[in-house]
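S.K.: when you get a sec, could you give me coordinates for this:
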Amino acid sequence: MKKIFKGMRIVSQMLGFDPLTFVNFFRGLPLYIKEFLLLKRQNIEQDFPFGRFMPILNDRFEQSGSIGTHYFHQDLHVARKILKANPVRHIDIGSRIDGFVSHLATFRTVEVLDIRPLTNVDSNILFKQADLMKLPTELINQCESVSSLHAIEHFGLGRYSDPIDAHGHIKAIDNIHAMLKSGGKFYFSVPIGPQRIEFNAHRVFSIGYLLKLFEGKFMLDKFAYVNDENKLIDVIDLNKDLIDNNCYCEWGCGIFELSCIK
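M.R.: Just a heads-up that it's a prediction; the model follows:
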């Protein structure tokens, strides 16, 4: 039943309607009226006259914040690695601007490539619009550090107005290999689980499939993942059992630290 409700909520949100927010509005409305009258009786208008009414009725029923997401865990995990490594030049491809990229921008300059435009940027974010399924020649063998977090699973599916390409993810990984100098670091994350496409949202990759894509291009240095309970797990040994069972994830997030082989 929980899965059915979750699926229905996702579809409703896509249509611009969130049933949980709708329910919470009516749960919160009596409290809103009660608390407004209480505040008014306290003569707050002597210092703060009421302006327009803005009933925010959902927040009281939610937690103070959310740390149980792929993005929260991967963004902090990889940002700490880049802080420690301190590469001369770091390029990010398609990661979340208001998460991972902003983490990096607090302590270093980061070059960002994305197929979509970006206007208001910070001085530490150097943005260039580019399709990484077609590598600009000026980027070949140019850097020692690249990241792409929760992005390459979308390449070639049209979600972001990118051209439809069944091999878009392979082209992206090949092009990142071409960008990196020998021994350069590639920080990479994608959804992991039984391999499938949930069109046009994303691909989900099996770990075995990814390891074969890396063969001859990248050496796996470290691996971590976010499991189905949204907990970050650092893996000491990515053994055959974990590989064959995708770390027992249906919808997890694999986080790979790789070194470029040339």
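
S.K.: what about the helices in this structure?
M.R.: Taking DSSP state H as the test, the helices found in the chain are 2-14, 19-41, 70-85, 102-105, 168-179, 207-214, 240-244.

S.K.: where in the stretch 1-150 of the chain is pLDDT low?
M.R.: The stretch 1-150 of the chain contains residues with pLDDT under 70 at 1-11, 13-15, 63-68.

S.K.: so what's the closest residue to residue 191 other than its chain neighbours bridging to?
M.R.: Spatial nearest neighbour of residue 191, excluding adjacent residues (CB to CB, 6 or more residues apart in numbering): residue 204 at 4.5 Å. Just so you know, the C-beta spots here come from the backbone N, C-alpha and C atoms, and that holds for glycine as well. Residue 204 forms beta bridges with residue 196, as assigned by DSSP bridges.

S.K.: and what of residue 147?
M.R.: With DSSP bridges as the rule, residue 147 is bridged to residue 92, residue 187.

S.K.: isn't it up against residue 82?
M.R.: Yes - here residue 147 reaches residue 82: they are 7.1 Å apart, a contact under CB atoms under 8 Å.

S.K.: about what we covered before: what's the burial count for the residue nearest to residue 191?
M.R.: When neighbours are defined as other CB atoms under 10 Å, residue 204 has 20 of them.

S.K.: per-residue pLDDT of it, please?
M.R.: The model reports residue 204 with a pLDDT of 97.

S.K.: so what's it up against?
M.R.: 153, 190-198, 251 (CB atoms under 8 Å, 6 or more residues apart in numbering).

S.K.: can you check residue 135 too?
M.R.: Applying CB under 8 Å, 6+ apart, the residues near residue 135 are 175, 178-179.

S.K.: let me have the residues you listed in CSV, adding neighbour count, pLDDT and distance to residue 247 as columns.
M.R.: As requested, the contacts of residue 135 are exported to CSV (neighbours: other CB atoms under 10 Å; pLDDT from 0 to 100; distance: CB to CB, whole Å):
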residue, neighbour count, pLDDT, distance to residue 247
175, 20, 97, 27
178, 16, 97, 29
179, 24, 97, 28
